[in-house]
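Colleague: Make a model of this:
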Amino acid sequence: MALKEYSDIKRGKYRHYKKREYELIDIVHHSETEEPLVLYRTLYGNYDLWVRPLKMFFEHIEINGKRVPRFEYIGSKSSE
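Modeller: Numbers count the residues shown, from 1 in each chain. Below you'll find the predicted structure:
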């Protein structure tokens, strides 16, 4: 899979359903499986870097009987 397939995914700030904010940096691939992963950073604490499967990052989950996005786009990083 070419990474350009994911060029339409917005980079920038996302809010997790638990209300913390993160910066989506890029889409990368697992070295063995080539699974697409989201590379993102916490916008609090030590600004740690994390990866999460693309499908999981953009999935909807059920909270109190309501379907909500796990991460919701809230703007570009430069809009701080």
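
Colleague: Only C-alpha atoms from now on, for both contacts and neighbour counts.
Modeller: Will do.

Colleague: for the protein, what's the longest strand?
Modeller: In the chain, taking DSSP state E as the definition, the longest strand is strand 21-29.

Colleague: strand partners of that one, parallel vs antiparallel please.
Modeller: strand 12-16 (antiparallel), strand 36-42 (antiparallel) (DSSP bridges).

Colleague: Contacts for that strand next, please.
Modeller: Around strand 21-29, the neighbours that count as contacts under CA atoms under 8 Å, 6 or more residues apart in numbering are 3, 6, 10-16, 35-44, 54, 77.

Colleague: State the mean pLDDT of it.
Modeller: The average pLDDT within strand 21-29 is 96.

Colleague: Repeat that for stretch 36-53.
Modeller: Here the average pLDDT along stretch 36-53 is 98.

Colleague: Could I get the CA-only coordinates of it as PDB?
Modeller: Written as PDB, here are the backbone C-alpha positions of stretch 36-53 (Å, rounded to 0.1, in the frame of the first residue of the first chain):
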ATOM      1  CA  PRO A  36      -1.400   1.300   8.300                       C
ATOM      2  CA  LEU A  37      -0.800   3.000  11.600                       C
ATOM      3  CA  VAL A  38      -1.500   6.500  12.900                       C
ATOM      4  CA  LEU A  39       1.500   8.200  14.400                       C
ATOM      5  CA  TYR A  40       0.300  10.800  17.000                       C
ATOM      6  CA  ARG A  41       1.500  12.800  19.900                       C
ATOM      7  CA  THR A  42      -0.100  13.700  23.200                       C
ATOM      8  CA  LEU A  43      -0.700  17.400  23.600                       C
ATOM      9  CA  TYR A  44      -0.200  17.200  27.400                       C
ATOM     10  CA  GLY A  45       2.400  15.800  29.800                       C
ATOM     11  CA  ASN A  46       5.600  14.700  28.100                       C
ATOM     12  CA  TYR A  47       4.200  15.000  24.600                       C
ATOM     13  CA  ASP A  48       4.700  11.300  24.100                       C
ATOM     14  CA  LEU A  49       4.500   9.700  20.600                       C
ATOM     15  CA  TRP A  50       2.100   6.800  20.000                       C
ATOM     16  CA  VAL A  51       1.000   4.600  17.200                       C
ATOM     17  CA  ARG A  52      -2.500   3.000  16.800                       C
ATOM     18  CA  PRO A  53      -4.000   1.000  13.900                       C
END
